[in-house]
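Trainee: Okay, structure incoming, though there's no sequence with it:
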């Protein structure tokens, strides 16, 4: 609260300087400083009366005591995922919810959207930390990053329309909503510094047999188009299908593929996650206005979005060049979550 008072005094002095020294009118000074004109007039009047500071005890009395404010803050710290109303009720704060929010803001506690991350156990953190320390100096330029993702058809976003006043329900300006079931498409894909690989639609829930077909007939041929020779350094997550005996045995028979020992619960280390997010944005922003969201239409839009993202050479190279930073952040976080 002291900081706010100091800021008010500083603003007040600046305004009085403009009026008394620089020749500004009160209105001009208020506009320049960014305070209400009525406030500026009151400050100038008080200054002319010789009152430089607010009289102690003047002004409206606060609804809460310092002890009640402290109890409010303590409740917010105890469980930061409560609603403001719940924090106010549980701390027995006497003011309104809006007042409670102001008190929390005074203590630098702001309402923000929480980041969503996987739950990390201690063993996960240790694995992530060890992996990051071991691979900080690795050359990631030829590493193949793979992953599966599911795209869903949704049409619940805001629709912008430019219309005259009073025409909200005019037939021309009403967005047409078709009641339909939700459809989804699951895909497998890979990326590297030099391009995005083949995008493959999964016809059903991924199993070991299907995954081996993808590896043998999709992954290897498409990777060899970029890198005809040498070992393929391959990244996959710890999905049960990926680590199944059938798939592990298949990899053990391949001398030209080296599967990296990827840490569990580490999507923040896999740059293809950013590619998926970018493709999803492309699908949503480029969906034809009058096209129904069927599975076939969704797959077509996904492929087109994937192709558009694949042309962004600097984008994918920046993703790969971020790998050392990702690993360093895991080390700094002692294996915990990072901003990626």
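Mentor: Looks like it came in fine. Everything numeric here is computed off the predicted structure, so don't read it as measured data.
Trainee: State the three-state secondary structure for residue 145.
Mentor: For residue 145, the secondary-structure state derived from DSSP: H, G, I helix; E, B strand; the rest coil is strand.
Trainee: which stretches of the stretch 151-300 of the chain have low pLDDT?
Mentor: The model of the stretch 151-300 of the chain has pLDDT under 70 over residues 154-181.
Trainee: how about the helices in it?
Mentor: Assigned by DSSP state H, counting those that start in this stretch, the stretch 151-300 of the chain shows helices spanning 208-214, 220-226, 245-252, 272-285, 295-310.
Trainee: I'd like to know which of those lies nearest to residue 64.
Mentor: Checking these against residue 64 by C-beta to C-beta gives helix 272-285 as the closest, at 42.9 Å. (Each C-beta comes from the backbone N, C-alpha and C, glycine too.)
Trainee: What is that closest one packed up against?
Mentor: Judged by 3 or more C-beta pairs under 8 Å, 6 or more residues apart in numbering; DSSP states H and E, the packing partners of helix 272-285 are strand 143-152, strand 184-192, helix 295-310, helix 313-321.
Trainee: Could you tell me which residues within it count as buried?
Mentor: Buried residues in helix 272-285, counted by 16 or more other C-beta atoms under 10 Å: 272, 273, 274, 275, 276, 278, 279, 282, 283.
Trainee: Which of the three states applies to the residue lying closest to residue 125 once chain neighbours are set aside?
Mentor: Leaving out its chain neighbours, the residue that sits closest to residue 125 by C-beta to C-beta, 6 or more residues apart in numbering is residue 335, at 3.1 Å. Assigned with three-state DSSP, residue 335 falls in the coil class.
Trainee: which ones are touching residue 335?
Mentor: Residue 335 makes contact with 120, 124, 125, 126, 127, 128, 129, 132 under the criterion C-beta atoms under 8 Å, 6 or more residues apart in numbering.
Trainee: how close does it get to residue 132?
Mentor: According to C-beta to C-beta, to the nearest Å, residue 335 and residue 132 sit 8 Å apart.
Trainee: Over to residue 251?
Mentor: Taking C-beta to C-beta, one finds residue 251 at 23 Å from residue 132.
Trainee: of these two, who's got more company?
Mentor: With neighbours defined as other C-beta atoms under 10 Å, residue 251 and residue 132 compare such that residue 132 has more, 23 against 15.
Trainee: What does the pLDDT read for that one?
Mentor: Looking at residue 132, its pLDDT reads 94.
Trainee: Also the one 3 residues further on?
Mentor: In the prediction, the pLDDT value recorded for residue 135 is 94.
Trainee: My guess is residue 124 contacts residue 269. True?
Mentor: No: assessed by C-beta atoms under 8 Å, residue 124 is found out of contact with residue 269, at 12.0 Å.
Trainee: what touches both of those two?
Mentor: Listed as contacting both residue 124 and residue 269 by C-beta under 8 Å, 6+ apart are residue 263.
Trainee: Looking at the two, which has the bigger crowd around it?
Mentor: residue 269 (24 against 17).
Trainee: so who does that one touch?
Mentor: Contacts for residue 269 (C-beta under 8 Å, 6+ apart) come out as 128, 131, 132, 262, 263, 323, 326, 327, 330, 340.
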